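Q: Sequence and predicted structure, then a few things I'm wondering about:
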Amino acid sequence: MKTYKYKLRNLSATQTQKLSSWVGACRFVYNLALETKQYAYKAYGVNLSRFDLDKELKTLKDVEWIKDVPSQSLQDVLQRLEKAYQSFFKGGGFPKWAKKGKYNSITLKSVTRDNCEAGRFVLPKLGEVKTFYSREIPKKAKLKRATIIKESDGFYISIMFSTTTQPLPSNNQTVGLDWGIEHFLTTSGGEHIANPRLFQHYQNKLRIEQRSLSRKKKGGSNFKKQARKLAKLQAKIARIRNDFQHKVSTGLILKYGSIAVENLKVRNMTGSAKGTTEAPGKNVKSKSGLNRSILDTAPSMFLDKLEYKSKWHGRTFVKVNPKYTSQVCSECGHKDKESRKTQAKFVCTSCGTKLNADVNAAKNIEARAFASIR
C-alpha cells in the first residue's frame, strides 16, 4: 500500500460547507460512541464492540446532518475508536474525546479517478474534486480509500492505493545509523547528517505568534484569526521536517542494501524531570530543553519512513538494542563508560582507539545487526 497526499483546489462553496459539516458530524459520532461505551461498562460491566455500536448508528439516520454523511465514513469512525481502545489495551493512553481542531479528517471508502493525470478524483456525495497534482498515481494502481483532512490552510486529500513496487537493484552495502541531537544522523562510515534544528530556527516567530494569541479574547474573531495564523506556522514547520526526513530516508535506501538503527523508546527518552511535590526533580529546565530538541527531530517518524521504504524496495531494515552502544569500543569490544570522554569524543580505555563518539556508536549498531553476515 502507498499513500499520496494532495491539496484540494477550487472547491465550491457547497463542497467546502459539506466537508466541514461531515468532519463535525464524525467528531460528534466519535464522542457519542465513546460516551456510550463508557456508560455501558460503568453501569452494566458490558464492553460494547464496534459491531454493537454499528447497530446503534441506524438510530441516528433520522438526523439530517448525520444522514448526509456517507455511511462508510461513519463506520470508519467506529473503527477509529476501536483502534484507540486496542492501543489502550496494549499499554497506550485511554481514548480521549475528539476535540474541534484535533479531530479534523473523514475517510471515504469509495473513490475513483477521473483524468488522474490532471489531478481529479470523484468522491461519494461530493462529486469531482481537483487537486494541485505533484505526482502521478500509477495507472494500474487500485484506489482503496481517500481521507479528507481539514488543515489550517485548506483541505487536503490523502489517497491510499495498492500497487506493485519494483525492488531496487541488489546492494551489499551495510550501514549503522546513530541518531543524535548535535547531528541528526551519523553513519558507521563516518558521515554526519546535519540537524535542521527547526524549532530553534522558528522559535522567535512561534513565541511572537503565541504571545499575540494569549492577548486575544478567547473565542473572539481576532482570537480565531490569530489561532489560524499560528496553526499555519506550525504546519509549515511540520512540512519542512517531513520533507527533510523523506529526502534523507530515500537517500539512505538508494545507497545501502541493509540498514541498522537503534530501537529507540522516544516516550521514555522525553519523560518529565519535574518529579513530585515531595521529591522534586533536578535540572528540570535543561531536561525540558533536551525534550524539545528530541521531539523537534521526530526520530520515531523518521524510523517509520525508513522501515516502510525498506519494505517497498526490498532492503533489509534491522532495529537493535541501544544498550551500551555509546560505551563499547567498536574496535576491541571493551565496555567502559569512561571511554566516552565528551559528547563528541570517544577514547577506549583499553586499546586507546580514538573515534568520534557518534561514529563509534554507529559502528556498534552495524556490528550488532550484521555480524553474522560478515
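A: That came through, no problem.
Q: Return the residues in contact with the residue minimising distance to the centre of the chain.
A: Nearest to the mean C-alpha position of the chain, by C-alpha atoms, centre = their mean, lies residue 301 at 4.9 Å. Counting by C-beta atoms under 8 Å, 6 or more residues apart in numbering, residue 301 touches 241, 242, 245. (Glycine included, C-beta is placed from N, CA and C.)
Q: just for the stretch 51-200 of the chain, where's the confidence low?
A: For the stretch 51-200 of the chain, the stretches with pLDDT under 70 are 114-118.
Q: Now the phi/psi pair for residue 44, please.
A: phi -130, psi 0 (degrees, to the nearest 10).
Q: circling back to that earlier point, can you pick the most crowded of the contacts of residue 301?
A: Counting neighbours by other C-beta atoms under 10 Å, residue 245 comes out on top of those with 21 neighbours.
Q: thinking again about what came up before, a markdown table for the contacts of residue 301, including distance to residue 329, secondary structure and pLDDT?
A: Listed next are the contacts of residue 301 as a markdown table, based on distance: C-beta to C-beta, whole Å; DSSP: H, G, I helix; E, B strand; the rest coil; pLDDT from 0 to 100:
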| residue | distance to residue 329 | secondary structure | pLDDT |
| --- | --- | --- | --- |
| 241 | 34 | helix | 94 |
| 242 | 37 | helix | 93 |
| 245 | 31 | helix | 95 |
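Q: so residue 105 makes contact with residue 145?
A: No. The pair formed by residue 105 and residue 145 falls short of the contact definition of C-beta atoms under 8 Å, at 11.6 Å.
Q: Surely residue 294 touches residue 184?
A: No. With contacts counted by C-beta under 8 Å, residue 294 stays clear of residue 184, the gap being 11.5 Å.
Q: who's the nearest residue to residue 316 once chain neighbours are set aside bridged to?
A: Sequence neighbours aside, residue 258 is the residue nearest to residue 316 in space, at 4.0 Å (criterion: C-beta to C-beta, 6 or more residues apart in numbering). Assessed by DSSP bridges, residue 258 has beta-bridge partners residue 174, residue 316.
Q: Next up, the contacts around residue 258.
A: Taking C-beta under 8 Å, 6+ apart as the test, what residue 258 contacts is 172, 173, 174, 175, 315, 316, 317, 318, 369, 370, 373.
Q: Equivalent analysis for residue 356, please.
A: Counting by C-beta under 8 Å, 6+ apart, residue 356 makes contact with 186, 190, 344, 345, 346.
Q: so of the residues you listed, which ones are in strands?
A: 186, 345, 346 (DSSP state E).
Q: what pairs with the second one across the strands?
A: In this structure, residue 345 bridges to residue 356 when assessed by DSSP bridges.
Q: Which of the ones in strands among the contacts of residue 356 are buried? Put it as a ChimeraX command.
A: In ChimeraX, a selection of the buried entries from the ones in strands among the contacts of residue 356 looks like this (16 or more other C-beta atoms under 10 Å):
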select :186,346
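Q: And the helices in the protein, which stretches?
A: Ranges of helices in the chain, per DSSP state H, are 13-44, 50-56, 64-67, 71-89, 198-214, 221-255, 266-269, 284-297, 299-313, 357-370.
Q: right, and those helices - which one's nearest residue 119?
A: helix 13-44 (15.4 Å; C-beta to C-beta).
Q: what's the span of stretch 213-224 from first residue to last?
A: 9 Å (C-alpha to C-alpha, to the nearest Å).
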